[in-house]
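Colleague: what's the 3D shape of this:
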Amino acid sequence: MPIPQFSKPPEDFYRKREMPSNRERDEQAMRRMESLNDLYASQRALLRTTYSDESDALWPTAMANLAHWTAQYFVHDNRLATGKPDGSANEELGRRLVLEVLDDAETVSALKGLHLLADLAAAKTGLASSSSSQEHFETLTRLFDGWVRQTIGPDRDDDTRDPRFYDFLVVDERALRSLAVLPNEIPPPDPAVPRKEQELKRPRRLLVRKPMIRRVE
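Modeller: Residues are numbered from 1 along each chain as shown. Got it, this is the predicted structure:
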């Protein structure tokens, strides 16, 4: 899928974070704006681990919902946690969001040949052995590393600037179903709403960080 063309963001979104004019903005969002890749996009790599007639039917809706909710809601996470009223930098990050599905033939073929856990977070709740779950994450990480080498070349190790080469989102069976039923209407990001109440509205997400193979919901 071609990456949309973005222009360089306005400098006030990432420079002089300590200036009084930026004190009401989310500093984390400003740092992320500063670290955008060469395409000035906020890209995330995504691995699909479930392949069936049901998942094929749900996939387009789930991906549309994931992009919609991430761009309009999840980008405000830290701002809401820190009580910053100015969401302009967060909104600009959301506008530049690009989800890049690792759907090349080699990766898809490898994933279809694996007997992965339907719910890759099962080990966290004691529903699967930690060794079995760890093996699955290591397998996914090897596939991801192969894609990174193919994308940036074997001789380049400067991959830390771009988060899509550092960690990746996983959509397993449970996550896919969760994403597919998200409503179109998104609750407005409001610092006055208690964090616990916001957490209850979240669909399930799974993030794998390459150096630690760490799972995060």
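Colleague: what number of residues lie near residue 37?
Modeller: By the criterion of other C-beta atoms under 10 Å, residue 37 has 17 neighbours. From N, CA and C alone the C-beta is placed, and that goes for glycine too.
Colleague: which stretch of helix or strand covers it?
Modeller: Counting by DSSP states H and E, no helix or strand carries residue 37.
Colleague: that one and residue 166, how far apart?
Modeller: 11 Å (C-beta to C-beta, to the nearest Å).
Colleague: same check on residue 153?
Modeller: From residue 153 to residue 166 the distance is 17 Å (C-beta to C-beta).
Colleague: comparing those two, which shows the higher neighbour count?
Modeller: residue 166 (15 against 9).
Colleague: okay, helices next: where are they in the protein?
Modeller: 27-34, 53-72, 77-82, 88-95, 105-112, 130-152, 173-180, 195-200 (DSSP state H).
Colleague: okay, the ones you listed in JSON lines with mean pLDDT next?
Modeller: Output for the helices of the chain, formatted as JSON lines (pLDDT from 0 to 100):
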{"stretch": "helix 27-34", "mean pLDDT": "88"}
{"stretch": "helix 53-72", "mean pLDDT": "91"}
{"stretch": "helix 77-82", "mean pLDDT": "85"}
{"stretch": "helix 88-95", "mean pLDDT": "91"}
{"stretch": "helix 105-112", "mean pLDDT": "78"}
{"stretch": "helix 130-152", "mean pLDDT": "76"}
{"stretch": "helix 173-180", "mean pLDDT": "88"}
{"stretch": "helix 195-200", "mean pLDDT": "48"}
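Colleague: which among those helices is found nearest to residue 186?
Modeller: Distance to residue 186, taken as C-beta to C-beta, is lowest for helix 53-72 among the helices of the chain, at 5.0 Å.
Colleague: ok, and what's touching that closest one?
Modeller: With C-beta atoms under 8 Å, 6 or more residues apart in numbering as the test, helix 53-72 has contacts from 48, 94-95, 97, 99, 101, 171, 173, 176-177, 179-180, 182, 184, 186, 203.
Colleague: packing partners for the strand ranked longest in the chain?
Modeller: In the chain, with assignment by DSSP state E, the single longest strand is strand 42-48. Strand 42-48 sits against strand 97-101, helix 105-112, helix 130-152, strand 167-171, with contacts defined as 3 or more C-beta pairs under 8 Å, 6 or more residues apart in numbering; DSSP states H and E.
Colleague: given that strand, what are its sheet partners and their directions?
Modeller: strand 97-101 (parallel), strand 167-171 (parallel) (DSSP bridges).
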